[in-house]
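Asks: Sharing a model prediction with you, sequence too.
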Amino acid sequence: MSSSLLDLNDDCLASILGYLPLKDHLHFAHVCSRFRNVLMDYGKSLYKTVEVTGSPDELVLMRVVGDLVKHMYFKYYPECVQNVQRILRETMRRLVKLEHATLNFSCPVPLHAFEAIIRTLEELPNLKGIGVFQNTDVLDGLRVYDDSNSLLKDCQIFLINDNLRTEPSVLSNILILKKMNNSFKETLGYIVPHLSSVEEMIFYMSQPSKDYQPLARVSKLQKIGIYEKNNQNSGPHLPFIAGLASGLSRQLTELSITTLELCYDEAKEISRMVNLRELHCCFEEPRCLEHLPALKQLKYLSIRVSHSGVTNQLLAIIRGCTRLNVLLARVNSSQLSSDFILRALEVLRIVRDPGNQKPLRLGTPSENQIRSEDLLPYLCVFRDRL
């Protein structure tokens with residue numbers, strides 16, 4: 001006996017519907033009354049999170065199920081330009097239960113359209129946050145706002161007369177608008193799955209460090225630079241660094257954290273990032289450096305330790321990190337023994353192959369008193385001015 005799609009139970013039909021693009025859901029509902037009932041009966045699970053591109057079929061569907069949507073991802077295509085006002089009028093205002101909106105502007109967006117979208121979304125009664133970004137390979141900022149006026153003011157620098165300037169756009173940043181004093185962590189979490197092209201991120205920490213943990217799930221992230229604005233303490237970095245070590249330990253190649261001094265446990269988590277090639281960090285005590293010889297792939301290391309001697313720890317790094325090309329020891333002269341360079345030379349003669357490796361460039365806080373010809377081909381010492 002032959003069977004058909006109608007022989008499937010409603011659970012199976014709803015599961016199939018979940019795999020279809022949103023624009024095809026209306027076609028599904030138009031097949032028969034049973035299919036239409038499946039769409040409505042399973043709407044709470046099907047439309048809790050939606051991805052919208054602004055197609056006419058999506059707009060019609062949102063008029064029907066918009067009050068079920070809690071999380072929306074909207075990708076702005078060039079063909080959306082003519083439909084922006086319809087999207088605002090017929091879709092976004094119906095999303096009365098919406099909590100998070102993620103906007104991906106993959107093309108230049110007219111300023112009036114961008115402002116209209118932001119203004120419409122912020123009026124929704126249950127909104128917690130809006131995330132705005134472009135899915136580029138490099139994101140050079142992560143800005144957090146408490147009001148839409150500040151966000152739009154920043155965007156006006158780059159969005160002039162309804163056209164993007166040729167200069168780098170503010171949308172090479174992630175822009176997050178917080179509403180109702182909510183943490184921005186949840187909104188960032190909804191952005192991260194869509195950062196599929198991002199390989200490098202540079203940003204100032206303006207929020208508690210732990211709230212940046214979702215970044216550990218950026219699938220292609222290889223380089224990350226973290227800075228802190230003056231007089232702004234983002235708190236302990238351990239949860240964030242531990243997240244990076246767990247999620248990105250084998251793909252991160254560059255890490256720069258020049259905010260507060262990192263503690264022993266934070267340094268331990270960094271040592272789990274086994275493929276790091278470049279590292280810039282400040283540590284609160286010499287024993288933090290004990291973890292760094294585990295980073296066998298390091299080629300460039302810049303470290304700062306505020307007090308106490310570090311001679312033995314630096315020698316252990318030179319001994320363990322045999323691929324190092326540059327080591328910047330940004331410490332005070334009193335933190336290094338008078339024979340540090342000679343001892344470093346002895347270590348390099350054991351672990352380094354001058355036939356296949358260039359001399360290690362070693363930056364120290366004082367002038368080198370040893371003749372350069374006595375150090376070659378293992379070591380090139382220069383004064384690193386802090």
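Replies: On my side now, so go ahead.

Asks: low-scoring stretches of the stretch 251-386 of the chain, by residue?
Replies: Applying pLDDT under 70 to the stretch 251-386 of the chain flags residues 368-369, 371-372, 385-386.

Asks: and Ala329, how many neighbours?
Replies: By other Cβ atoms under 10 Å, 24 other residues sit near Ala329. For every residue, glycine as well, the C-beta is placed using N, CA and C.

Asks: nope, Pro110 is what I was after
Replies: Pro110: 15 neighbours (other Cβ under 10 Å).

Asks: Quick check: phi and psi on Gly235?
Replies: Main-chain torsions, Gly235, degrees, to the nearest 10: phi 80, psi -180.

Asks: Hmm, it is touching Lys210, no?
Replies: Yes - between Gly235 and Lys210 there is a contact at 7.1 Å, judged by Cβ atoms under 8 Å.

Asks: More neighbours: which of the two?
Replies: Taking other Cβ under 10 Å, Gly235 and Lys210 do not tie; Lys210 has more neighbours (17 against 14).

Asks: Residues contacting stretch 137-145, please?
Replies: Stretch 137-145 is contacted by residues 133, 151, 154, 168, 170, 172-178, 184, 188, 195, 197-204, 206-207, 212 when judged by Cβ atoms under 8 Å, 6 or more residues apart in numbering.

Asks: what distance separates the start and the end of it?
Replies: 23 Å (Cα to Cα, to the nearest Å).

Asks: gap between it and the chain center?
Replies: Remark: stretch 137-145 is offset 8 Å from the chain centroid, using Cα atoms, centre = their mean, to the nearest Å.

Asks: Check which residues of that stretch are buried.
Replies: Leu139, Leu142, Arg143, Val144, Tyr145 (16 or more other Cβ atoms under 10 Å).

Asks: Against Arg319, how distant is Phe114?
Replies: 55 Å (Cβ to Cβ, to the nearest Å).

Asks: got it, and Lys153?
Replies: In terms of Cβ to Cβ, Lys153 sits 53 Å off from Arg319.

Asks: Give me the more crowded residue out of the two.
Replies: Arg319 (15 against 11).

Asks: burial of Val38, as a residue count?
Replies: 24.

Asks: Could you do Pro286 as well?
Replies: Pro286: 19 surrounding residues under other Cβ under 10 Å.
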